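J.: What follows is a predicted structure for the sequence shown.
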Amino acid sequence: MQQSKERPLVSVIVPVYNIMDCLPRCVHSLTAQTYENLELLLVDDGSTDGTGELCERLAAEDQRIRVFHKENGGSSSARNLGLAEAKGAYVGFVDSDDSVEPDMYERLLEGICRFGVKAAQVGRDETDEQGRRLPNICVPPKQPVCCEAEDFLRELLMHRGDCSFCTKLFCRALFRERSFPEGRLNEDFYLLVQMLPEIGRILSLPEQAYHVFYRIGSNSRKAEPENFSRVYGDSVDHADMVAELVAREYPALKKEALRFGVFQRLEYLLHIPIPQMRRDNAAYRAVVRQLRRMWLPAMGNPYLTVKNKCYHTLFVIAPRGVRRFHRFLRKMA
């Protein structure tokens with residue numbers, strides 16, 4: 001692995017945890033990249049099923065693979081270890097149950113160099129465990145597009161953008177004083193929005209070169225309705241963080257930030273199990289209080305739908321009753 005101006009080294013970080021069935025496919029999609037000057041960092045996050053040993057066997061197949069073993073600490077912790085060990089001028093991230101097209105990193109790097117940006121992204125598609133193609137979350141452009149940071153943030157606040165680090169390639173220098181927040185979910189959104197002022201512009205490339213394998217049971221994809229993922233509470237906290245960022249850096253996005261804050265709180269209340277909607281649940285009570293304070297400006301917000309405003313009003317009046325009715329509707333569907 002050599003670093004040069006013409007062929008800079010690309011570091012790809014893959015957090016790994018109990019993923020025996022999917023890891024070979026993921027790794028082989030990376031070692032087959034048309035851009036060959038890359039290193040692959042497999043960070044075993046305390047696997048207990050033999051995945052750690054599988055990492056070592058895969059590393060024996062390709063000298064560009066480096067393996068690191070650590071105690072379990074979550075995806076952010078594993079990514080941060082990878083960042084500390086990465087040697088490349090550019091860095092990307094791939095989830096261990098996903099795969100990528102053979103030319104993904106070549107296209108991303110070419111785009112960064114051609115357009116003079118610090119970050120570039122490709123489109124993604126998603127497939128479930130039955131092999132069914134899921135609806136697109138984000139639609140990639142038909143031609144390369146450079147998006148200013150403010151416009152990119154607007155798309156995120158409107159739930160139309162892609163905050164995933166996995167679909168992107170970054171200049172390594174962007175992480176010099178930054179790391180992923182450990183102990184949080186939805187960590188990609190949290191870190192990316194804070195990086196946007198320094199990134200400046202993000203290049204978006206056509207086509208879906210990143211393939212997500214949608215596994216029920218991951219942190220944010222729980223199958224059991226009574227399992228209330230931490231992602232909902234973390235997303236509310238992130239909405240407050242981005243509201244402060246908007247006030248400081250992008251005041252023109254004030255209405256979009258309000259819409260985002262309301263939407264995240266509605267998501268929280270539409271998923272919290274009814275037994276947890278108690279007066280002694282401080283987090284739940286705070287969400288309801290905040291929605292009540294936000295009600296009047298939300299009613300005049302042009303980015304909230306009539307349905308959003310109806311749910312907002314009803315949750316302000318009778319949150320437990322609305323939650324019961326919503327659960328009934330889901331059972332009837």
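T.: Arrived safely.

J.: Only C-alpha atoms from now on, for both contacts and neighbour counts.
T.: Noted.

J.: all helices for the stretch 51-200 of the chain, in order.
T.: 51-59, 75-85, 104-115, 149-157, 187-199 (DSSP state H, counting those that start in this stretch).

J.: if you average pLDDT over the longest helix seen in the chain, what comes out?
T.: As assigned by DSSP state H, the longest helix anywhere in the chain is helix 230-249. Here helix 230-249 scores 94 as its mean pLDDT.

J.: do the same with stretch 309-320
T.: 95.

J.: Stretch 111-125 too?
T.: Throughout stretch 111-125, pLDDT has a mean value of 96.

J.: And stretch 188-197, by the same measure?
T.: Model confidence over stretch 188-197, given as mean pLDDT, is 95.

J.: ok, residues contacting it?
T.: If you take Cα atoms under 8 Å, 6 or more residues apart in numbering as the criterion, stretch 188-197 is touched by 149, 153, 163-165, 174, 179-181, 238, 242, 245, 249.

J.: Tell me the buried residues within the residues you listed.
T.: Neighbour-count burial (16 or more other Cα atoms under 10 Å) is assigned, among the contacts of stretch 188-197, to 149, 153, 163-165, 174, 179-181, 238, 242, 245.

J.: So of those residues, which two are at opposite extremes in space?
T.: A149 and P181 (21.2 Å; Cα to Cα).

J.: re the thing from before, CA atoms of the longest helix of the chain as CSV?
T.: Provided in CSV are the C-alpha atoms of helix 230-249 (Å, rounded to 0.1, in the frame of the first residue of the first chain):
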residue,chain,number,x,y,z
ARG,A,230,-32.9,4.0,21.8
VAL,A,231,-32.7,5.5,18.3
TYR,A,232,-35.9,7.4,18.9
GLY,A,233,-34.7,9.2,22.0
ASP,A,234,-31.3,9.8,20.4
SER,A,235,-33.0,11.2,17.3
VAL,A,236,-34.9,13.7,19.5
ASP,A,237,-31.6,14.8,21.0
HIS,A,238,-30.1,15.2,17.6
ALA,A,239,-33.0,17.3,16.5
ASP,A,240,-32.2,19.7,19.3
MET,A,241,-28.5,19.7,18.4
VAL,A,242,-29.2,20.5,14.7
ALA,A,243,-31.6,23.3,15.7
GLU,A,244,-28.7,24.9,17.6
LEU,A,245,-26.4,24.4,14.5
VAL,A,246,-29.0,26.0,12.2
ALA,A,247,-29.4,29.0,14.5
ARG,A,248,-25.7,29.5,14.5
GLU,A,249,-24.7,28.6,10.9
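
J.: which parts of it are buried?
T.: Quick answer for helix 230-249 (16+ other Cα under 10 Å): 231-240, 242-243, 245-246.

J.: for this protein, where's the lowest mean pLDDT among helices and strands?
T.: Within the chain, confidence by mean pLDDT, DSSP states H and E is lowest for helix 319-332 among all helices and strands, at a mean of 80.

J.: Please state the offset of stretch 127-146 from the chain centre?
T.: Its chain's average C-alpha position is 14 Å from that of stretch 127-146, according to Cα atoms, centre = their mean, to the nearest Å.

J.: ends of it, how far apart?
T.: 28 Å (Cα to Cα, to the nearest Å).

J.: Same check on stretch 70-90?
T.: Start-to-end, stretch 70-90 (Cα to Cα) is 24 Å.

J.: what does that stretch contact?
T.: Outside of stretch 70-90, the residues within contact range by Cα under 8 Å, 6+ apart are 3, 8-11, 13-16, 38-39, 41-47, 169-173, 175, 179-183, 187.

J.: do the same with stretch 237-255
T.: Stretch 237-255 has contacts (Cα under 8 Å, 6+ apart) with 150, 154, 189-190, 193-194, 197, 257-258, 260-261, 264, 301-303.

J.: doesn't E256 make contact with R154?
T.: Yes: counting by Cα atoms under 8 Å, E256 is a contact partner of R154 at 6.8 Å.

J.: Flag the shaky bits of this structure, pLDDT-wise.
T.: Low-confidence segments of the chain (pLDDT under 70): 1-5, 216-226, 332-333.

J.: Walk me through the domains of it.
T.: What automatic domain parsing lists as the domains of the chain is 10-214, 230-332.

J.: on that earlier part again, run the chain-centre distance for the least confident helix or strand of the chain.
T.: From the chain centre to the centre of helix 319-332 is a distance of 29 Å (Cα atoms, centre = their mean).

J.: And stretch 190-203, by the same measure?
T.: In terms of Cα atoms, centre = their mean, the centre of stretch 190-203 is set 13 Å apart from its chain centre.

J.: got it, and stretch 118-128?
T.: In this view, stretch 118-128 has its centroid 11 Å away from the chain centroid, taken as Cα atoms, centre = their mean.
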